[in-house]
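K.L.:
sharing a sequence plus its predicted fold:
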Amino acid sequence: MQFRQNLKSWQELLIHAKDMKKQNIKDLFSENTERFNDFSLKVPAFLFDYSKNLITERTMKGLFTLARDCQLEQWREKMFNGERINTTEDRSVLHVALRDRSTKPFILDGENLTDKVNQALIQIKAFTEKVRMGQWLGYSGKRIKDVVNIGVGGSNLGPQMVTEALKQYSDNSVNVHYVSNVDGNQIADVLRPLDPERTLFIISSKTFTTTETMTNANTAMNWLVSAAFDQTAVSKHFVAVSANKENAGNFGIDNENIFDIWDWVGGRFSLWSAIGLPIALDLGFDKFIELLEGAHEIDLHFKNAPLEENAPVIMALLSLWNCTFLGSQSQAILPYDQPLHKLTAYLQQAEMESNGKSVNWYGEEVGYSTVPSIWGEIGINGQHAFYQYLHQSNNVVPADFIGSVKSITSVQGHHDTLMANFFAQMEALMSGVNEQQVREDLKAKGRTQEYIDKVAPHKVHKGNRPTNAILLDQISAKSLGSLIALYEHKIFSQGILLQICSFDQWGVELGKGLAINILDALKTNTELDNRDSSTTGLINYYKCKGR
Ligand SMILES: O=P(O)(O)OC[C@H]1O[C@H](O)[C@H](O)[C@@H](O)[C@@H]1O
């Protein structure tokens, strides 16, 4: 067992981090006028500028050495070759196979995955075209107008984020809606304006056991049947995406309307599979393929580029540097592109469910900070809400700024204003402004000495806050596919560097189990044994008030 802290490269980076904490990014720019060229990368879909991090050439050299010591390249091979790198669940991790559209056979456990993937795509194409062209008819013979995707977590966040991002490209053949929350308010709001005769439900659940999804699916079924007065209407209005065909069939969905998903595709990496049905329904199959192609382009980049020119690897190393070595606790994702308004929520699951863990591959406490908490908002909205904290709090929050050279909206006259903020905020976070500058500025504005003495300390921005810039040419299905795959491979790389099992999610199980237990007690009105007084007190209060 080779623990990360025992690696010489890890130890050297710890020492180097102590020195770097005394440095200032702004000074590093003054010392090296080529810094932007040295620390930026042009990848087909975007420019990646990481020069505004607290790094030097020595830092990056040390980080690449660490990556090699961690055998990142070999692990990357293992993933692409289908080895069972999801060790705690004994599964391969092959979402990359979903977007590799070559016809070359890929054999896993005696089965040709290429065939499976291509057949699934044929099924997706046939189904989505039928619905979009008005050939899929509801129980009363009317064409489908609205599609409701019922699913949560990985069965919701990806498709919703993508259809929101690309809605400018939708031809509105159908309207796509999402229900993820078990709170009945959401499904009630979504169903209220819909016509049961013209509504199709996708029950999206890899396991087909998720309580929230099953509860919503039953409500949707009752809504339909009470309008149709006919249970057989279900087969015309429900399709499923699941690895659990038995449960989906028992729910009443016809076998030919159950779309497969496989155990080698993790829920949070599944939008490329039939879980992406809402994407193909909303935007058309060709756009869905473009999305896959964009992701595949990054798969090839990740697989083939040397570590020194590999965007996902560099992002992972920087996150490790900022969090584990420099001590940042959180990381902001700040899209300056309205279409990406769901990206942060999507990345919260992708990153935090993957790497938010504290034991290593051998089940031992890692003894270092793993990944930061991910949060954020559309940049402009954030500026008027929490950027105060980013600029002046004691906590340094490294941030990813994501923007586009061209906007996809036809509205003119806004984009330069938006992007001026994109550039300015990163500059301000890095440069800051010291007290002397503040004082001179106030003096030049004719302020009194008394005012200057009072206000100057409050106007200081310490700066030295790291940011990455990801600048897309424009939001498109292809560039979005690339952007998502960039983060997926960053997450994979970070897991390897941290020696963490990125593809399980045991941490969500405890709460789920307790909720099932409590729900039973609520339904049967029985007392719960052996609970702490707070849990018991809260439940009793709820029961007394509610009944
Ligand atoms: O697709 P499902 O099986 O319904 O799972 C939906 C979600 O539920 C879980 O709680 C997991 O934490 C997620 O990783 C998963 O995406």
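P.N.:
The structure has been received and is ready for your questions.
K.L.:
contacts for stretch 213-220, please.
P.N.:
By C-beta atoms under 8 Å, 6 or more residues apart in numbering, the list of residues contacting stretch 213-220 from outside reads 148, 150-152, 155, 179, 182, 184, 187, 191, 201, 203-205, 208, 238, 251. Bear in mind the C-beta positions are built from the backbone N, C-alpha and C, glycine included.
K.L.:
and the gap between residue 308 and residue 63?
P.N.:
Relative to residue 63, residue 308 is positioned 10 Å away (C-beta to C-beta, to the nearest Å).
K.L.:
the more surrounded of these two?
P.N.:
residue 63 (24 against 12; other C-beta atoms under 10 Å).
K.L.:
now for the more buried one: which residues touch it?
P.N.:
13, 317-318, 320-321.
K.L.:
pull out the buried residues from the helix or strand harbouring it.
P.N.:
Assessed by DSSP states H and E, residue 63 sits inside helix 57-69. Neighbour-count burial for helix 57-69, counted by 16 or more other C-beta atoms under 10 Å, picks out 59-60, 62-67.
K.L.:
on that earlier part again, keep only those of the contacts of stretch 213-220 that are also close to the ligand.
P.N.:
Restricting the contacts of stretch 213-220 to those near the ligand by C-beta under 6 Å from any ligand atom leaves 151-152, 155, 205.
K.L.:
how close does the residue nearest to the spatial centre of the chain get to residue 402?
P.N.:
In the chain, the residue lying closest to the centroid (C-alpha atoms, centre = their mean) is residue 347, at 2.1 Å. Note on residue 347: its distance to residue 402, by C-beta to C-beta, is 10 Å.
K.L.:
which residues are common contacts for these two?
P.N.:
residue 333.
K.L.:
what ranges does this protein have for its strands?
P.N.:
40-43, 46-49, 107-108, 111-112, 146-150, 175-179, 199-204, 238-242, 258-260, 330-336, 373-376, 399-404, 467-472 (DSSP state E).
K.L.:
okay, those in TSV with mean neighbour count, distance to residue 434 and mean pLDDT next?
P.N.:
What follows is the strands of the chain, written out as TSV (neighbours: other C-beta atoms under 10 Å; distance: least, C-beta to C-beta, whole Å; pLDDT from 0 to 100):
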stretch	mean neighbour count	distance to residue 434	mean pLDDT
strand 40-43	16	27	97
strand 46-49	20	25	98
strand 107-108	14	58	92
strand 111-112	12	63	93
strand 146-150	24	51	98
strand 175-179	21	48	98
strand 199-204	25	53	98
strand 238-242	26	56	97
strand 258-260	21	59	96
strand 330-336	23	24	98
strand 373-376	19	27	98
strand 399-404	24	21	98
strand 467-472	22	19	98
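K.L.:
for those, which one sits closest to residue 137?
P.N.:
Closest approach to residue 137 among the strands of the chain (C-beta to C-beta): strand 199-204, 10.3 Å.
K.L.:
shouldn't residue 407 be in contact with residue 416?
P.N.:
No - applying C-beta atoms under 8 Å as the test, residue 407 and residue 416 come out as separate, 9.7 Å apart.
K.L.:
the two: who's more crowded?
P.N.:
Counted by other C-beta under 10 Å, residue 407 and residue 416 do not tie: residue 407 has more neighbours, with 20 against 9.
K.L.:
could you list the low-pLDDT ranges of the protein?
P.N.:
1, 547 (pLDDT under 70).
K.L.:
are the longest helix anywhere in it and the ligand in contact anywhere?
P.N.:
Longest helix of the chain, by residue count under DSSP state H: helix 477-498. No - against the ligand, helix 477-498 shows no contacts by C-beta under 6 Å from any ligand atom, the least distance being 13.2 Å.
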